[in-house]
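> one predicted model, sequence on top.
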Amino acid sequence: MTYLNVDEVETAIALAAGPPNAGFTELITLPNQTWEGRTCHAIRVHHGAAARSGVYLLGGIHAREWGSPDILVNFVQLLTDAYRNGTGITQGGAAVSAEQVRAIVDTLDVVVFPQANPDGRHYSMTVDPMWRKNRRPADAGDPGCPSGGGNGPGVDINRNYDFLWDFPTTFSPSAPVATSADPCSEIYYGPGAFSEPETCNVGWLLDHYPSVGYFIDIHSFGEDILYNWGDDDDQVTDPAMNFSDPAYDGKRGIPDSTPGGDPDKYQEYIPADDRHTLITLGTMMRDAIQAAHGRPYTLKQSVGLYPTSGTSDDYAYSRSFLDSSKDTVLGYTIEWGPQRSSIPKSFHPDYPDMVPIIEEVTAGLLAFCLAAARRTLDAALADAHTNG
Amino acid sequence: MPNYHVTIHGADREAMADLVRAHHVRVYGQTLTEEDTGYRVSGLADEDTIKQLQGAGYRVEQHEDVDEAAQDSLRHVGQGNRFLNQAGDLR
Ligand SMILES: [Zn+2]
């Protein structure tokens, strides 16, 4: 067996949304063509009356992290087959029953966008396996980029979202932010927030599926489950200290654990309920991953010594803070797979080594969806009590 | 110039932050680990950067040339389209 190439991912998603599953799936054509002219597709899985909540699963943002689209194709194939046939799903030592599969599909919009950067994936799978970014061409007048190690023209899509994107302004000059204004860097943030068609496609799905309350972006490596925020330490007490206030520009991005502490004392506000939900559902995902093949993933806040800017999970979560008409979207990033002795093998393990990772992450995502569905059903029951 | 997988050892968190702030090294932040004497992190660096880091007091272990090593992975990529037979039903 081998990793799915770019065409295969597209065909697999089209098939999953094909005639046998037509009653409970929708093939979604994304509006923005990539730099190399590719059209991307997502799939929505749901049956019945309009869903009250939804989970949005994203993959393939970073070209060289080959396993992410394969994980999401496996997830979609298993979920749609099981729902159609009225069966459960087993992945290693983790399982969901037929009834649980039905609860997921009947309760939630499950929106899956497995291959958001097809140009980059194609380039990584045919020319430069360490390629990470999209394939935005160099602007006329740009210096020639040295190649290798993921460097060259192109934009790191997961630094291009509109969340504290302008890091030289929004972060402290002392913050070791993991992004770059150098167009040759493999973590180049792009000429503007949402400058890239791939980034716009990810945002478009959030705009068009407002039922979505949970967002999970699949990356590698490290065996981590990360939750909001990624720019600074979380705090639950001061709503006014937050990313949207320019008064805190130049003060963000120094976690308290840095030696000497944080001179500016900036921390990012997160409502205590949201943090509790992030940890509760994240724990269920982590436990299902471990049940599959025994791998202990670590659940933790996204920020570490090296804070991030312009990432998808923080963008998804930030939207409802800026526009109260939007519902909360809790954000996660999964970093699948262990670090191996070779960096390339950490990003693209030999396929036989990828198989258990595909299964364990699929198990984690199924458990997450089930927990989200139950939470939605519980909230509906509580509503009915209050109103009845 | 080849890019190497490196393990960089530094005295304290300040030194590890400087890898990004001052030396603009591409590190994999999720690999930051506390050791008996300081910290280590994995990253990518060419030979000039490795010398620069050593001059600044870091201990650097040089591993594989990542681009050369990565070529082996290409044999694990699917060729053609394994779903085309089924996809006939879609047309
Ligand atoms: Zn990634």
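Structure received.
> against residue A:146, how distant is residue A:165?
Going from residue A:165 to residue A:146 by Cβ to Cβ, to the nearest Å gives 25 Å. Using the backbone N, CA and C atoms, a C-beta is placed for each residue, glycine as well.
> what stretches of chain A score poorly on pLDDT?
A:388 (pLDDT under 70).
> most residues in a single strand of it, which one?
What stands out as the longest strand in chain A, according to DSSP state E, is strand A:212-220.
> for residue A:280, see how far away residue A:273 is.
Note on residue A:273: its distance to residue A:280, by Cβ to Cβ, is 10 Å.
> residue A:165 and residue A:146 - which one has more neighbours?
Comparing residue A:165 with residue A:146 by neighbour count (other Cβ atoms under 10 Å in any protein chain shown), the higher total belongs to residue A:165, at 21 against 12.
> and the residue of chain A closest to chain B?
Nearest to chain B, among the residues of chain A, is residue A:149, at 3.0 Å (Cβ to the nearest Cβ).
> remind me what the longest strand anywhere in chain B packs against, helices and strands.
Counting by DSSP E, the longest strand found in chain B is strand B:26-35. Strand B:26-35 is packed against helix B:13-21, strand B:38-45, with contacts defined by 3 or more Cβ pairs under 8 Å, 6 or more residues apart in numbering or on different chains; DSSP states H and E.
> looking at these, which is nearest to the ion?
Nearest to the ion among those is strand B:38-45 (14.3 Å), distances taken as Cβ to the ion.
> between the two ends of stretch A:222-231, how far is it?
In stretch A:222-231, first residue to last residue: 19 Å (Cα to Cα, to the nearest Å).
> and that stretch, does that touch the ion?
No - judged by Cβ under 5 Å from the ion, stretch A:222-231 makes no contact with the ion; its nearest approach is 9.9 Å.
> circling back to that earlier point, then the longest strand of chain A to PDB, C-alphas only?
This file holds the C-alpha atoms of strand A:212-220, laid out as PDB (Å, rounded to 0.1, in the frame of the first residue of the first chain):
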ATOM      1  CA  VAL A 212     -19.700  24.200  12.800                       C
ATOM      2  CA  GLY A 213     -18.800  24.500  16.400                       C
ATOM      3  CA  TYR A 214     -15.500  22.500  16.400                       C
ATOM      4  CA  PHE A 215     -12.500  22.800  14.100                       C
ATOM      5  CA  ILE A 216      -9.600  20.300  13.900                       C
ATOM      6  CA  ASP A 217      -6.600  20.800  11.700                       C
ATOM      7  CA  ILE A 218      -4.500  17.700  11.100                       C
ATOM      8  CA  HIS A 219      -0.700  18.100  11.000                       C
ATOM      9  CA  SER A 220       2.500  16.200  11.900                       C
END
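> remind me which residues of chain B are low pLDDT?
Across chain B (using pLDDT under 70), the flagged ranges come out as B:88-91.
> before we move on, back to that, in its sheet, what does the longest strand of chain A sit against?
strand A:53-58 (parallel), strand A:330-336 (parallel) (DSSP bridges).
> ok and the last one relative to strand B:26-35, angle-wise?
Meaning strand A:330-336. Interaxial angle of strand A:330-336 relative to strand B:26-35 (axes from the mean of the first three to the mean of the last three Cα atoms, to 10 degrees): 80 degrees.
> please apply the same query to the first one.
Between strand A:53-58 and strand B:26-35, the angle comes out at 100 degrees (the same axes, to 10 degrees).
> next secondary structure after strand A:53-58?
Using DSSP states H and E, the helix or strand that directly follows strand A:53-58 along the chain is helix A:67-85.
> show me what that next one is packed against.
Helix A:67-85 packs on helix A:6-16, strand A:41-45, strand A:89-91, helix A:98-107, strand A:108-113, strand A:212-220, strand A:330-336, helix A:351-387, going by 3+ Cβ pairs under 8 Å, 6+ apart.
> the ion is nearest to which of these?
strand A:212-220 (3.3 Å).
> residues contacting the residue sitting nearest the centre point of chain A?
Closest to where the C-alpha atoms of chain A average out (Cα atoms, centre = their mean) is residue A:217, at 1.0 Å. Residues in contact with residue A:217 (Cβ atoms under 8 Å, 6 or more residues apart in numbering or on different chains) are A:58-59, A:61, A:158, A:311-313, A:331-334.
> and if you look at residue A:131?
Shown in contact with residue A:131 (Cβ under 8 Å, 6+ apart): A:63-64, A:120, A:123-124, A:150, A:152, A:154.
> ok, and the most crowded of those?
Highest neighbour count within the contacts of residue A:131, by other Cβ under 10 Å: residue A:120, with 32 neighbours.
> now the closest residue to that one other than its chain neighbours: how far from residue B:49?
Excluding its sequence neighbours, the residue lying closest to residue A:120 (Cβ to Cβ, 6 or more residues apart in numbering or on different chains) is residue A:63, at 3.1 Å. The gap separating residue A:63 from residue B:49 is 23 Å, by Cβ to Cβ.
> and for residue A:188?
Distance of residue A:188 to residue B:49, given as Cβ to Cβ: 18 Å.
> those two: who's more crowded?
More crowded of residue A:188 and residue B:49, by other Cβ under 10 Å: residue A:188, with 24 against 21.
> mind listing what that one touches?
A:133, A:154-156, A:159, A:180-182.
> ok, now how distant is the residue in chain B positioned nearest to chain A from residue B:15?
For chain B, the residue closest to chain A is residue B:3, as judged by Cβ to the nearest Cβ, at 3.0 Å. Look at residue B:3 and residue B:15: by Cβ to Cβ, they are 22 Å apart.
> tell me how far the residue lying closest to residue B:84 once chain neighbours are set aside lies from residue A:59.
Spatial nearest neighbour of residue B:84, excluding adjacent residues (Cβ to Cβ, 6+ apart): residue A:11 at 7.0 Å. Look at residue A:11 and residue A:59: by Cβ to Cβ, they are 16 Å apart.
> okay, the two: which has more neighbours?
More crowded of residue A:11 and residue A:59, by other Cβ under 10 Å: residue A:59, with 28 against 21.
> shouldn't the more buried one be in contact with residue A:218?
Yes - if you go by Cβ atoms under 8 Å, residue A:59 and residue A:218 touch, sitting 4.3 Å apart.
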